[in-house]
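Peer 1: test case, fold it:
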Amino acid sequence: MSVQELQARLEKILADIDLQKEVLRKLEQSKSLVQSQLNAVRDPMARLPFDISSEIFLRCLPSRPEPRARHAPMLLLNICQTWTDIALATSALWAVIHVVFPRADSFTNVVESWLRRACDRPLSVTLSGNLNTNIAAIVWQHCRQLKNLEIDYYDEDNGENHIGGPIDLLGITPPTLWPLLETLRIRGVPDPTGSQGYSGPQILEVLRLAPNLSKCMLEGLDPIFDVPNLPEQIILPGLRRLMFGGSDNYNPDSNDDILKCLSLPGLETLSISTHDVSYDDLFSFLERSSPPLRELVVGNRSPRREKPTRLLETLCLVPTLTRFELWWPDLAFLEGLFAALAKPSSQLLPDLHSLVLHVRLPSFSSISESSWRTLLHALSARRIQIRTFQIKTGFSRPPFDTIAPILPAFRGLVADGMQIYIGSRDQNFV
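Peer 2: Numbering: from 1, shown residues only. A predicted model of the protein is given here:
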């Protein structure tokens with residue numbers, strides 16, 4: 001055969017190969033379509049009512065779903081078309097999101113698609129790490145749907161502090177009103193150098209934007225810069241719980257200076273560190289707010305010397321208090337508190353159910369036998385109201401010579417149902 005004939009023959013064969021490839025491609029498409037249809041017929045999810053199948057998908061969600069291909073709900077988009085249709089039609093699957101930074105700016109498209117799938121549902125959003133303001137701006141666009149917001153500047157996966165320079169909570173596109181926001185948690189890591197911190201005006205702006213806020217936890221926020229002297233306090237009538245740290249039986253650690261700017265007439269639980277708030281400030285806050293306070297935790301993060309009597313006067317402003325926890329009180333306050341509780345006509349904390357005192361070893365060791373007897377008299381007189389009493393030092397074992405003679409009387413109260421702990425963290429004398 002000639003060269004021309006061979007060339008023509010080769011071109012014919014190549015054309016036939018391309019044709020067969022196209023036929024094979026169409027067969028593969030047909031096979032995939034039929035397989036999907038067969039799977040849909042066999043798939044029990046496809047035979048379930050939508051409400052049940054979507055509920056099953058919701059039960060697959062982790063507590064903090066992240067936008068990752070191998071994590072629900074995004075994983076559910078990669079199984080079959082039926083599952084994809086169910087997942088996209090179940091808006092509740094997309095109402096919770098946890099974004100861990102750092103992330104590239106292109107990740108904004110993922111967050112935007114996720115939140116859009118939530119439709120009009122209330123949102124729970126957690127932002128962890130070094131906040132990307134471009135991605136945060138996408139979240140702020142949905143601020144009217146935010147119900148729970150957590151901003152966490154500490155990456156617990158590697159234990160590194162991602163804070164770099166001034167921390168901008170709101171970014172260049174600050175949100176407008178957050179009418180649905182009920183829970184706010186801002187967490188950081190105290191900076192002992194004082195060079196990196198949070199903006200007091202921005203934190204107050206966040207609170208002002210959330211008139212229906214009921215719970216606010218500020219943990220490890222220190223320092224907080226430029227807390228203003230406002231001509232009028234910000235009033236949040238719906239706020240029930242305000243914590244400046246102090247969770248998990250830990251001495252409150254967050255800067256509490258912004259308390260001076262607030263009036264909270266509905267507050268029921270308060271935890272302060274006394275980092276910047278003095279007993280006088282606490283007295284003024286309670287006096288102007290007149291809250292129905294039920295729980296109060298007072299830390300001791302301040303080097304100031306406070307007057308013990310001032311704290312006792314402050315406690316008289318909250319007769320509704322049922323639980324009181326105090327860190328590192330001095331001996332004078334302990335003796336004054338025991339005496340005030342023991343008075344027959346005392347009006348101090350008439351509804352108190354739980355009293356927890358964390359005491360340094362020198363103060364604990366200096367409590368006299370007469371003061372222990374005064375405490376015993378107070379607990380005996382209030383055995384109907386007070387159900388829990390604790391006075392603890394650190395891990396060092398305190399001496400118990402002065403309390404030893406009356407330990408049987410304390411144990412008698414325990415036998416009557418009162419929970420009493422007196423001693424170090426790992427040893428209860430009672």
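
Peer 1: name every strand pairing with the helix or strand encompassing Phe324 and say which way it goes.
Peer 2: Phe324 is part of strand 323-327 when elements are defined by DSSP states H and E. Strand 323-327 sits in its sheet next to strand 295-298 (parallel), strand 354-358 (parallel), going by DSSP bridges.

Peer 1: helices or strands up against the helix ranked longest in the chain?
Peer 2: Under DSSP state H, the helix in the chain containing the largest number of residues is helix 3-42. For helix 3-42, the elements it packs on are helix 81-89, judged by 3 or more Cβ pairs under 8 Å, 6 or more residues apart in numbering; DSSP states H and E. From N, CA and C alone the C-beta is placed, and that goes for glycine too.

Peer 1: got the phi/psi numbers for the spatially closest residue to Arg68 that is not a sequence neighbour?
Peer 2: Nearest non-adjacent residue to Arg68, counting by Cβ to Cβ, 6 or more residues apart in numbering: Met74, 6.4 Å away. Reported as degrees, to the nearest 10, the phi and psi values for Met74 are phi -60, psi -30.

Peer 1: count of residues packed around Met74?
Peer 2: 19 (other Cβ atoms under 10 Å).

Peer 1: my guess is it meets Pro62, correct?
Peer 2: No - shown here, Met74 and Pro62 do not form a contact pair, counting by Cβ atoms under 8 Å, at 11.7 Å.

Peer 1: now do the same contact list for the most centrally placed residue in the chain.
Peer 2: Centroid-nearest residue in the chain: Arg185, 4.5 Å away (criterion: Cα atoms, centre = their mean). Applying Cβ atoms under 8 Å, 6 or more residues apart in numbering, we find Arg185 in contact with 149-152, 216-219.

Peer 1: pLDDT on the helix or strand Glu335 falls within, on average?
Peer 2: Element membership for Glu335 (DSSP H and E) is helix 331-342. Regarding helix 331-342, the rounded mean pLDDT is 94.

Peer 1: check stretch 383-395 too.
Peer 2: Across stretch 383-395, pLDDT averages out at 91.

Peer 1: can you give the distance of it from its chain's centre?
Peer 2: Mean-position distance between stretch 383-395 and its chain equals 26 Å (Cα atoms, centre = their mean, to the nearest Å).

Peer 1: I would like the residues contacting that stretch, please.
Peer 2: Against stretch 383-395 from outside (Cβ under 8 Å, 6+ apart): 350-361, 364, 379, 413, 416-426.

Peer 1: can you rerun that using 7 Å?
Peer 2: Here stretch 383-395 makes contact (Cβ atoms under 7 Å, 6 or more residues apart in numbering) with 351-361, 364, 379, 413, 416, 418-426.

Peer 1: show me those that map onto helices.
Peer 2: 361, 364, 379, 413.

Peer 1: so can I have a markdown table of those showing neighbour count and pLDDT?
Peer 2: Below are those laid out as a markdown table (neighbours: other Cβ atoms under 10 Å; pLDDT from 0 to 100):
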| residue | neighbour count | pLDDT |
| --- | --- | --- |
| Leu361 | 15 | 88 |
| Phe364 | 25 | 90 |
| Leu379 | 21 | 96 |
| Leu413 | 18 | 96 |
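
Peer 1: from these, which two are the most distant?
Peer 2: Across the ones in helices among the contacts of stretch 383-395, the longest distance by Cβ to Cβ is 24.4 Å; it joins Leu361 and Leu413.

Peer 1: what's the mean pLDDT across the helix or strand harbouring Glu287?
Peer 2: Assessed by DSSP H and E, Glu287 sits inside helix 279-289. Per-region confidence: helix 279-289 scores 95 on mean pLDDT.

Peer 1: figure out how far that helix is from the centre of its chain.
Peer 2: 25 Å.

Peer 1: helices or strands up against that helix?
Peer 2: helix 308-315 (3 or more Cβ pairs under 7 Å, 6 or more residues apart in numbering; DSSP states H and E).

Peer 1: after the host helix or strand of Ala137, which helix or strand is next? Please name it.
Peer 2: Following DSSP H and E, one finds Ala137 within helix 133-140. Next in sequence after helix 133-140, counting helices and strands by DSSP H and E, comes strand 146-152.
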